[in-house]
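All I have is the shape, not the residue letters:
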């Protein structure tokens, strides 16, 4: 049950993944459903055979399907096209945002990578496509997640599509659109009285129980595979720019994983020779209501101190971000910066992106746009360098953020007289 | 400001359009901003030079951009890629819906053409892409429409993207999501106290005024170009099936234009030799609250009697459908049928599509899915024939339709004890 246009598979049927590697101590493990190091409890990520990665060519990728699966040769699952869960995710528009660039005083191009174009309208369809494919390959029979909303939508939708059982955990105070959009797919939906971090803790506990032995929590026990899906946000931008890297990117941070994986993708593109080596700067965006990573950045610290999240950017409200230290490293090592913006700036950001680009973003996209503006104004981001910002979700999911601010210009009776009365004729 | 992946333009820079033709009396006119016949007041549509159409090849199309503009050689605008308004619209997923087919007892494949994947999440991005491109080519400086919601979203978004002035007219009782999604793009939005048909009448009057001389109403004075955009829903299905036609299609009907144009697209594909001749049946779906076309079909009448619309499928609530007689002809001439479904059936249809396909449709998609079920059960639609249904919009735009019906399975404290208390562990 896949999108149909799927040309001859571009990638080899052999996985380039060689094992799981501890990001902390470097210990290695065979590929399996493991996410933490037995030695140091550090997080694991997928390691690759450099030769297999280097064998992937632009031509192979371009001959692949018009979805994230064109990059299967650089991913840890789905090498046999028959095993892929392909919802048509990926290859979302990269929009040249000249009007936004003008408004912010850029002399170089600004681009918006618009992931609201994915099937459930967020970038989470990428990580879920990869995670659910890996989970089936690993023999799991049920799919689960802890979510701030977008992931819930995506897990439930993908499970419905392939007829897999699902159980999704969300904080009980989530935006109603995200609750309804998850529940409509008719999996099990558990609203947890607590924060996302409470939900995440519960899911970690559950993943250790016998009853959940056959359950893949996409962002817990199969997280190494899941997280790799975000690399496609880097691969696609490079391909869409004609196989080259942008000079600056701005990405929102919740767990910090997306930003870290785009950075990883760019490095992999360089080491495999798919793009020429180039300097690029990575910038991270958080909301003032939940800015543990940006706060550590401002303090010059390597330690991310957990916070209790508040504010309207609920999809970014992870107070104890798993990839915070790695995000700090990506930003610092590339010469980028981080910033946070408050709820009014987030609303302004949503409107700025909509008015100049015709892209209606959810609050997370408002955060990213507002941080772009803030960093450009402060000079920390160079307006003479080509910049890509990531819009990760859809405005229809967080309507309340702007519904009190925008509305009809006029309400009139259906007559020319009515138009004249409103000064419109 | 376009999506970037745009390979060498596949279509000739020469337009295949030869003029405007009265659908009633056959009178012809030069290409321009005219929508009604001077002789008989019948509606005009775009006529083509058959030789230019026949010159378009599959290879040309496949070498074009991955958007509706790959079919420029079969459209009346955008032949010079530099003139196109390309929002990344089109080439939406065609999803093989095996679980839906099973549920409804089909022995042949069922497919869902999911146009909620377009940038503003409805098929209207297609007609607007073509209309706004034509409007610029014709020298208009402002874009406008009468809308039941989705068109409003799309016109305002496209105008924002290219920096064109816009003025959008909607009934004042529209779903709040569609109002907010239109207003956020910051064009002029006029809420009219009346039905869609009242709004449409007002726009017709306005298009005759001096003040609106430079304004293209996409579905009034440039309607012939606009309507052609819907043909791409037929072209894409044929290409995605491997350049062949499906045996049955089910399409929702508001004005009746979409269904009529998909039929036209299939005929053009046959006459140009892009697909082999094949019999296919066209089925039309309406809601019980607004079923003037389906009612005429049931009565065996050619006359569509206007109604005052009611019911939750607001995007289909056109009581005086301009293309009703043509939709009747398309359905009757192909041996298809029409049906209408009530609000509860529409809600069931939304849930059925979500549960089996992972596609969350707006009420119009619920209408189409419910009519598929109804026609299959009554035997009017053949469950042994391959069938494509069109989902034209997104569930996030009409959340109220199902938000009272679906919700969390359980609300629990963040503990294993909470899970046990809810019977989930």
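Here it is on my side, so go on. A quick note: this is a predicted structure, and the numbers were derived from the prediction, not measured.

For residue A:114, which residues are in contact?
Contact partners of residue A:114, counting by CB atoms under 8 Å, 6 or more residues apart in numbering or on different chains, are A:92-95, A:359, A:391, B:88, B:119. For the C-beta atoms, the positions are set from N, CA and C on the backbone; glycine is no exception.

mind listing which of the residues you listed are in strands?
Using DSSP state E, the members of these that fall in strands are A:94-95, A:391.

among these, which are within reach of chain B?
A:94-95 (CB under 8 Å from any CB of the partner chain).

any chance of the ones in strands among the contacts of residue A:114 in JSON lines, with neighbour count too?
Compiled in JSON lines, these are given as follows (neighbours: other CB atoms under 10 Å in any protein chain shown):
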{"residue": "A:94", "neighbour count": "22"}
{"residue": "A:95", "neighbour count": "26"}
{"residue": "A:391", "neighbour count": "30"}
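
How far off centre is stretch A:67-84?
18 Å (CA atoms, centre = their mean, to the nearest Å).

Ok, stretch A:90-105 next?
18 Å.

follow-up on the earlier one: and which of the ones in strands among the contacts of residue A:114 is nearest chain B?
Distance to chain B, by CB to the nearest CB, is smallest for residue A:94 among the ones in strands among the contacts of residue A:114, at 4.7 Å.

give me the beta-bridge partners of that closest one?
Following DSSP bridges, residue A:94 is listed with bridge partners residue A:113.

how about CSV for the contacts of residue A:114, with pLDDT and distance to residue B:346 added?
CSV is the format used below for the contacts of residue A:114 (pLDDT from 0 to 100; distance: CB to CB, whole Å):
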residue, pLDDT, distance to residue B:346
A:92, 97, 30
A:93, 97, 31
A:94, 97, 36
A:95, 97, 34
A:359, 98, 30
A:391, 98, 31
B:88, 94, 29
B:119, 97, 25
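
quick check, residue A:370 in a helix?
Yes: under DSSP: H, G, I helix; E, B strand; the rest coil, residue A:370 falls within a helix.

Test my guess that it contacts residue A:348.
Yes: counting by CB atoms under 8 Å, residue A:370 does reach residue A:348; the two are 6.2 Å apart.

Neighbour count: these two, which is higher?
In this view residue A:370 and residue A:348 are compared by other CB atoms under 10 Å in any protein chain shown, and residue A:370 has more residues nearby, 26 against 18.

Spatially nearest residue to the more buried one, not counting backbone neighbours?
The shortest distance from residue A:370 to any non-neighbouring residue, by CB to CB, 6 or more residues apart in numbering or on different chains, is to residue A:349 (3.3 Å).

how about the residue of the stretch 151-300 of chain A at minimum distance from chain B, secondary structure?
Per CB to the nearest CB, residue A:161 is where the stretch 151-300 of chain A lies closest to chain B, at 3.4 Å. Assigned with three-state DSSP, residue A:161 falls in the helix class.

My guess is it contacts residue A:85. True?
Yes: with contact defined as CB under 8 Å, residue A:161 reaches residue A:85; the gap is 7.5 Å.

Run through the helices of the stretch 51-200 of chain A in chain order.
Along the stretch 51-200 of chain A, the stretches classed as helices by DSSP state H, counting those that start in this stretch are A:58-62, A:98-103, A:124-137, A:150-162, A:176-183, A:196-207.

Next, format those helices as CSV and append mean neighbour count, mean pLDDT and distance to residue A:313.
CSV is the format used below for the helices of the stretch 51-200 of chain A (neighbours: other CB atoms under 10 Å in any protein chain shown; pLDDT from 0 to 100; distance: least, CB to CB, whole Å):
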stretch, mean neighbour count, mean pLDDT, distance to residue A:313
helix A:58-62, 15, 97, 34
helix A:98-103, 18, 98, 20
helix A:124-137, 29, 98, 15
helix A:150-162, 28, 98, 12
helix A:176-183, 24, 96, 13
helix A:196-207, 21, 96, 12
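
can you redo the ones you listed as CSV with distance to residue B:217?
Below are the helices of the stretch 51-200 of chain A laid out as CSV (distance: least, CB to CB, whole Å):
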stretch, distance to residue B:217
helix A:58-62, 41
helix A:98-103, 24
helix A:124-137, 36
helix A:150-162, 36
helix A:176-183, 31
helix A:196-207, 46
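
And these: which comes nearest residue B:139?
With distances scored as CB to CB, the stretch of these nearest to residue B:139 is helix A:98-103 (21.7 Å).

right, is that closest one up against chain B?
Yes: Helix A:98-103 comes into contact with chain B (CB under 8 Å from any CB), by way of A:98-99.

What lies in contact with that helix?
Taking CB under 8 Å, 6+ apart as the rule, helix A:98-103 contacts A:108-110, A:112, A:352-353, A:356-357, A:369, B:1, B:160-161, B:163.

what about 7 Å?
A:109-110, A:352-353, A:356-357, B:1, B:163 (CB atoms under 7 Å, 6 or more residues apart in numbering or on different chains).

got it, and stretch A:120-132?
Contacts for stretch A:120-132 (CB under 7 Å, 6+ apart): A:68, A:75, A:77-78, A:85, A:87, A:89-90, A:115-116, A:118-119, A:143, A:150-151, A:153-155, A:157-158, A:218, A:222, A:225-230, A:232-233, A:258, A:392-394, A:397.

For residue A:110, the count of nearby residues, please.
Residue A:110 has 28 nearby residues by other CB under 10 Å.

Distance check, the closest residue to it other than its chain neighbours against residue A:87.
Leaving aside its sequence neighbours, residue A:110 sits nearest to residue A:101 (CB to CB, 6+ apart; 4.0 Å). As judged by CB to CB, to the nearest Å, residue A:101 and residue A:87 stand 32 Å apart.
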